[in-house]
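J.: take a look and give me a structure for this.
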Amino acid sequence: MEIDKKLVGNIAVLAISGKIDAVTSRDLESALTEMLDQNSTRVVIDLKEVDFISSGGLRVFISFKRKLVERKGDLVVSSLQPFVMEIFEMTGLPSLIGTYSSQGEAIKSLQS
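T.: So this is what the prediction gives:
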């Protein structure tokens with residue numbers, strides 16, 4: 001798994017590629033914790049290049065969303081591949097974490 005980070009205004013954007021499984025979810029959690037340490041409270045995670053996500057990866061998203069809400073922030077995801085979107089929908093995550101078809105739409109949702 002690879003994580004590319006950038007800032008768009010005051011919104012942190014992480015583009016992830018590869019698989020998010022039990023092993024790589026630790027790296028994702030570290031990257032997200034780093035975002036919190038830098039006071040990034042509005043975060044977009046672009047999943048365009050992710051073709052697999054495990055329950056461990058889902059737990060990282062849920063935990064990070066809770067931490068951001070405590071800080072009056074938000075987390076949204078974008079560009080989910082069909083398999084990943086299916087997993088999100090099966091677990092009910094779209095009711096907790098906003099999902100957008102493109103990174104641009106996700107960024108725009110956090111700007112308003």
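J.: quick one: the strands in this protein, in order.
T.: Using DSSP state E, the strands of the chain run over 2-8, 11-20, 42-53, 74-78, 98-100.
J.: need the ones you listed in JSON lines with mean pLDDT, mean neighbour count and distance to Ile62, can you?
T.: All C-beta spots, glycine's among them, are computed from the backbone N, C-alpha and C. Shown next, in JSON lines, are the strands of the chain (pLDDT from 0 to 100; neighbours: other Cβ atoms under 10 Å; distance: least, Cβ to Cβ, whole Å):
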{"stretch": "strand 2-8", "mean pLDDT": "94", "mean neighbour count": "13", "distance to Ile62": "18"}
{"stretch": "strand 11-20", "mean pLDDT": "96", "mean neighbour count": "19", "distance to Ile62": "13"}
{"stretch": "strand 42-53", "mean pLDDT": "96", "mean neighbour count": "21", "distance to Ile62": "12"}
{"stretch": "strand 74-78", "mean pLDDT": "97", "mean neighbour count": "22", "distance to Ile62": "10"}
{"stretch": "strand 98-100", "mean pLDDT": "97", "mean neighbour count": "18", "distance to Ile62": "14"}
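J.: quick one: closest of the ones you listed to Arg26.
T.: Closest of the strands of the chain to Arg26 is strand 11-20, at 10.3 Å (criterion: Cβ to Cβ).
J.: which elements pack onto the longest helix seen in the chain?
T.: Scanning the chain for the helix with the most residues, using DSSP state H, yields helix 55-70. If you count contacts as 3 or more Cβ pairs under 8 Å, 6 or more residues apart in numbering; DSSP states H and E, helix 55-70 packs onto strand 11-20, helix 24-37, strand 42-53, strand 74-78, helix 82-91.
J.: which outside residues touch that helix?
T.: 20-22, 24-25, 28-29, 32, 36, 41-43, 45, 74-75, 77, 87-88, 91, 93, 96-97 (Cβ atoms under 8 Å, 6 or more residues apart in numbering).
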